[in-house]
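Novice: Build the 3D model from these lines:
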Amino acid sequence: MAVGSTYKIVELVGSSSDGVQQAIDGAIARAAQTIRNLDWFEVREIRGQIEDGQASWYQVKVGVGFRVDSGEDITED
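Specialist: Below you'll find the model as predicted:
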């Protein structure tokens, strides 16, 4: 029987004063420092702060999916 991949989803909030894309990229880059097998993401919420009538800060909630290791992927040193 063929077995597909199994994924875990973690929810992250990225923020940036530069824009939504930078907030997404920052959240993913930070996750990549500690989580293996990152495969995909989905934007769940976008919000921000307004100062002097303009958007001044962006916050993005993203679900980040990563592939769970199989038994064959785990080796003992």
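Novice: May I have the beta-bridge partners of the residue nearest the centre of the chain?
Specialist: Closest residue to the average C-alpha location of the chain: V64 at 3.8 Å, with C-alpha atoms, centre = their mean. Under DSSP bridges, the beta-bridge partners of V64 are V10, F41.
Novice: Output the below-cut-off pLDDT ranges for the chain.
Specialist: By pLDDT under 70, the low-scoring segments of the chain are 1-3, 70-77.
Novice: hey, where'd the strands end up in it?
Specialist: Per DSSP state E, the chain carries strands over the ranges 7-16, 38-51, 54-67.
Novice: Which stretch among these is buried most, on average?
Specialist: strand 54-67 (a mean of 16; mean count of other C-beta atoms under 10 Å). C-beta here means a position set from N, CA and C on the backbone, and glycine is covered the same way.
Novice: Check which helices and strands that strand is in contact with.
Specialist: strand 7-16, helix 20-32, strand 38-51 (3 or more C-beta pairs under 8 Å, 6 or more residues apart in numbering; DSSP states H and E).
Novice: Contacts for it, please.
Specialist: 5-20, 22-24, 27-28, 31, 35-51 (C-beta atoms under 8 Å, 6 or more residues apart in numbering).
Novice: ok, now which ones touch D69?
Specialist: Contacts of D69 (C-beta under 8 Å, 6+ apart): R36, N37.
Novice: quick one, what contacts R47?
Specialist: Y58, Q59.
Novice: Same question for E51.
Specialist: Contacts of E51 (C-beta under 8 Å, 6+ apart): W57.
Novice: Report the beta-bridge partners for it.
Specialist: Q54.
Novice: and the gap between S56 and S17?
Specialist: Distance from S56 to S17, counting by C-beta to C-beta, to the nearest Å: 7 Å.
Novice: go on, V68?
Specialist: Counting by C-beta to C-beta, the gap from V68 to S17 is 35 Å.
Novice: Ends of stretch 45-56, what's the gap?
Specialist: Terminal residues of stretch 45-56 lie 17 Å apart, using C-alpha to C-alpha, to the nearest Å.
Novice: and R47, what are its bridge partners?
Specialist: Q59.
Novice: A23: how many residues sit nearby?
Specialist: A23: 24 surrounding residues under other C-beta atoms under 10 Å.
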